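K.L.:
When you get a sec, could you give me coordinates for this:
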Amino acid sequence: MNKKTIDDIFEQTDSRYALVEAVAKKARDIADKAEQEGEILYKKPVNIVLDNLLSGKSVVAKPTAAAKVYESDNFEITVSVPEED
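P.N.:
The predicted structure follows:
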């Protein structure tokens with residue numbers, strides 16, 4: 001089984017900037033949620049996001065019209081429909 005690398009993740013995005021922006025946003029969400037719930041994070045939020053991407057628990061998806069089907073602490077499932085031009 002091939003282990004994912006950060007280069008595999010870069011291929012899922014339009015640009016490295018887009019990936020950095022997405023990772024930073026998700027990391028802020030994790031940090032904010034932990035702060036609201038009084039939870040102590042033993043890993044940096046950015047590392048949590050990157051680990052999830054590399055393990056396949058999370059994926060990078062292009063923004064489209066979407067409906068969130070399920071969300072938990074570990075992952076979310078979103079159904080997307082491509083935008084029409």
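K.L.:
if I look at the residue lying closest to residue 45 once chain neighbours are set aside, how far off is residue 15?
P.N.:
In space, and not counting its chain neighbours, residue 45 is closest to residue 27: 3.7 Å by CB to CB, 6 or more residues apart in numbering. Placement of C-beta: from N, CA and C, glycine included. In this view, residue 27 and residue 15 are 18 Å apart by CB to CB, to the nearest Å.
K.L.:
what do you get for residue 59?
P.N.:
Residue 59 sits 17 Å away from residue 15, taking CB to CB as the criterion.
K.L.:
Could you do residue 6 as well?
P.N.:
Distance of residue 6 to residue 15, given as CB to CB: 14 Å.
K.L.:
of those two, who's got more company?
P.N.:
Regarding residue 6 and residue 15, a neighbour count based on other CB atoms under 10 Å identifies residue 6 as having more, with 12 against 9.
K.L.:
Where do the strands of this protein begin and end?
P.N.:
Chain-ordered strands for the chain, with DSSP state E as the definition, fall at 65-71, 76-81.
K.L.:
which residues of the chain score low on pLDDT?
P.N.:
Low-confidence regions of the chain, defined here as pLDDT under 70, cover residues 1-2, 61-85.
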